[in-house]
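# Test case, fold it:
(one chain, ligands or ions: 1)
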Amino acid sequence: MNLSLNDEQRAFQKAARDFLEHEVIPYRVEWDRRESVDLAIVPKLGELGFFGLTIPEQYGGIGGDYITYSLGMEELGRADSSVRGIVSVSMGLVGKVILSHGTEEQKQQWLPGIATGRLIGCFGLTEPDTGSDAASLSTRAVKSGSDYLISGQKMFITNGMWADVCLVFARTGGPGPKGVSAFLVPTDSPGFERREIKGKLGLRGQTTAELFLTDVRVPERARLGDEGEGFSIAMHSLDKGRMSVGAGCVGIIQGCLEAVIDYSKERKQFGRSLASFQMIQDMIADMAVEADAARLLVWRAADLIEREQPFGVEASKAKYYASEAAVRAANNAIQIFGGYGYVDEYPVQKYMRDARVMTLYEGTSQIQKLLIGRDVTGVSAFL
Ligand SMILES: Cc1cc2nc3c(=O)[nH]c(=O)nc-3n(C[C@H](O)[C@H](O)[C@H](O)COP(=O)(O)OP(=O)(O)OC[C@H]3O[C@@H](n4cnc5c(N)ncnc54)[C@H](O)[C@@H]3O)c2cc1C
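Reported below is the predicted structural model:
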């Protein structure tokens, strides 16, 4: 693994940071307070190429490698995790899944829109009664002639209110993972309804929804992969998604670090800068080390993906470590800001609220530890 960035990677990183400094950072507090980003940001992100990272040009993407992808997600996480989530889910959990598992017709139908931000995708796995135990999902897809009729409910779906297409995981066979199939469902299909979930602790600028499907009719050609392949498609997508969440968390830690460096040098107490106190440096040093450690874990996973090597456990390690470190960093950043850290004039309390969900979604920290534990012991703690 090469630990220094090449010119192209640096150029993308700089362009991404410049863009986000002007188009996202000045508005993030307003978007957070009103619980919605300005959707005009989506096509602008598309123009810069965020939605097209690692998607080939023939499908509307900008290509690029997975280190560039992780740099993009880091910059988005540093700027605003709500915006990072919109991109990560649409491009990473839908677009890239169509790229890896879709037919040529499905790629032509959806990818040029998703890779440019013209269309938004959402990922419908979680249900009210099945979160960590996703293989027990109960949404059903029943054959009706050459179509399927899909009925069920999905919970906590990022982009749910805005999405044009939902990757729905539904049961076509018996119980367990082998009975699950995946479908690309247009969200304007009759019988597809959605309700926004308001009042989230963090990620308030992005929409999260409950989805209700009642006899939603899709043709057989809307099925992604074969019948029974849905669960393994979901798990493969989430492995890559975990690298992306990890990269976003590196951005949160980096954002906290930059904020506390500036603030602790300016703010004076007892006639000295906060930065001159050893206990403040103790917290800043931890943050600096954890930013590097998390970034290196993410890059290792990205490098393995790029070289088409097995990467699932490495992605779990990166996601687990980076998300827990992001919560620690944001918590300590508030401590360093004192009372000022508790209000949203400064970015650190938003980092804290946004970081908190990172240890929950795309596999909780406990689930990541079970995956890592299974790998190192050879013994599965799952049933
Ligand atoms: C803001 C937000 C956005 C989301 N976006 C999406 C999305 O776009 N698409 C989607 O499909 N889902 C999405 N989710 C759902 C998310 O992936 C789930 O919330 C997550 O998988 C956990 O499931 P759960 O909430 O049902 O918790 P549960 O599975 O009920 O877990 C509760 C607690 O029990 C622990 N636990 C569970 N099983 C075990 C075990 N075997 N051993 C030890 N501890 C265990 C968990 O770690 C956790 O601490 C989102 C969630 C949120 C909050």
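# Cross-check the contact I'm expecting between Gln335 and Ile284.
No - here Gln335 lies out of contact with Ile284, judged by Cβ atoms under 8 Å, at a distance of 10.7 Å. (Each C-beta comes from the backbone N, C-alpha and C, glycine too.)
# Have a look at the two and say which one is more surrounded.
Using other Cβ atoms under 10 Å, the more surrounded residue of Gln335 and Ile284 is Ile284, with 20 against 14.
# Grab the nearest non-local neighbour of the more buried one.
Val260 (5.7 Å; Cβ to Cβ, 6 or more residues apart in numbering).
# Whichever strand or helix holds that neighbour near the ligand at all?
Secondary structure assignment for Val260, by DSSP states H and E: helix 230-266. No - judged by Cβ under 6 Å from any ligand atom, helix 230-266 stays clear of the ligand, getting no closer than 8.3 Å.
# Next, the buried residues of that helix.
Residues of helix 230-266 classed as buried by neighbour count (16 or more other Cβ atoms under 10 Å): 230-231, 233-257, 259-260, 263-264.
# Could you point out the helix or strand that follows it?
Under the assignment DSSP H and E, the closest C-terminal helix or strand after helix 230-266 is strand 268-269.
# looking only at pLDDT, what's the mean for that following strand?
For strand 268-269, mean pLDDT is 98.
# Any part of stretch 76-90 near the ligand?
Yes - contact of stretch 76-90 with the ligand (Cβ under 6 Å from any ligand atom) involves Val89.
# now that stretch, how far from the centre of its chain.
Here stretch 76-90 is found 7 Å from its chain centre; the criterion is Cα atoms, centre = their mean, to the nearest Å.
# ok, now stretch 100-112?
21 Å.
# that older thread, I'd guessed the residue nearest to Ile284 sits against Ala285; true?
No - contact criterion Cβ under 8 Å: Val260 and Ala285 do not qualify, at 11.0 Å.
# who's in contact with whatever residue of the chain ends up closest to the ligand?
Closest residue of the chain to the ligand, Cβ to the nearest ligand atom: Gly131 (1.8 Å). Contacts for Gly131 were tallied using Cβ atoms under 8 Å, 6 or more residues apart in numbering; they are Met155.
# quick one, phi psi at it?
With angles defined as degrees, to the nearest 10, Gly131 sits at phi -110, psi -90.
# Put the alpha carbons of stretch 299-307 into PDB.
Taking Å, rounded to 0.1, in the frame of the first residue of the first chain, the C-alpha atoms of stretch 299-307 are listed here in PDB:
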ATOM      1  CA  TRP A 299      -7.000   3.400   3.500                       C
ATOM      2  CA  ARG A 300      -6.000  -0.200   4.100                       C
ATOM      3  CA  ALA A 301      -9.600  -1.300   3.400                       C
ATOM      4  CA  ALA A 302      -9.800   1.000   0.300                       C
ATOM      5  CA  ASP A 303      -6.500  -0.400  -1.000                       C
ATOM      6  CA  LEU A 304      -7.700  -4.000  -0.600                       C
ATOM      7  CA  ILE A 305     -11.000  -3.100  -2.500                       C
ATOM      8  CA  GLU A 306      -8.900  -1.400  -5.200                       C
ATOM      9  CA  ARG A 307      -6.700  -4.600  -5.600                       C
END
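# switch to numbering from 9
Sure, I'll start numbering at 9, so the last one becomes stretch 307-315.
# which stretches of the chain form strands?
Secondary structure of the chain, counting by DSSP state E: strands at 129-132, 148-152, 155-166, 173-179, 188-194, 200-204, 216-227, 231-232, 276-277, 280-281.
# any idea which of those is most buried?
Ranked by mean neighbour count under mean count of other Cβ atoms under 10 Å, these are led by strand 129-132, which reaches a mean of 29.
# Identify the nearest residue to Leu378 in space, disregarding sequence-adjacent positions?
In this structure, Leu378 finds its nearest non-sequential neighbour in Ala389, 5.0 Å apart by Cβ to Cβ, 6+ apart.
# burial of the one you found, as a residue count?
Neighbours of Ala389 (other Cβ under 10 Å): 11.
# Now do the same contact list for it.
For Ala389, the contact set (Cβ under 8 Å, 6+ apart) comprises Leu378, Gly381, Arg382.
# Let me have these in TSV, adding pLDDT as columns.
Listed next are the contacts of Ala389 as TSV, based on pLDDT from 0 to 100:
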residue	pLDDT
Leu378	97
Gly381	97
Arg382	97
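# Narrow those to just the buried residues.
Leu378.
# relative to its centroid, which residue of this protein is most remote?
Gly279 (43.3 Å; Cα atoms, centre = their mean).
# Contact residues of the protein facing the ligand?
Residues of the chain lying near the ligand (Cβ under 6 Å from any ligand atom): 97, 130-134, 139-140, 164-166, 208, 211, 216, 365, 368-370, 372, 374-375.
# switch the cut-off to 8 Å
With Cβ under 8 Å from any ligand atom as the criterion, the chain meets the ligand at residues 93, 97, 101, 130-134, 138-142, 162-168, 177, 205, 208, 210-211, 214, 216, 365, 368-375, 378, 389-391.
# among those residues, which are in helices?
Taking DSSP state H, the ones among those that sit in helices are Gly93, Ser373, Gln374, Ile375, Leu378.
# quick one: the residue of the chain closest to the ligand from Leu101, how far?
16 Å (Cβ to Cβ, to the nearest Å).
# Asp172 - how many residues pack around it?
18.
# Now do it, the pLDDT please.
Looking at Asp172, its pLDDT is 98.
# I'd assumed Pro194 was in contact with it.
Yes - between Asp172 and Pro194 there is a contact at 6.8 Å, judged by Cβ under 8 Å.
# Now Tyr35: closest residue in space that isn't a chain neighbour?
Tyr35's closest residue in space is Asp46 (Cβ to Cβ, 6+ apart), at 6.7 Å.
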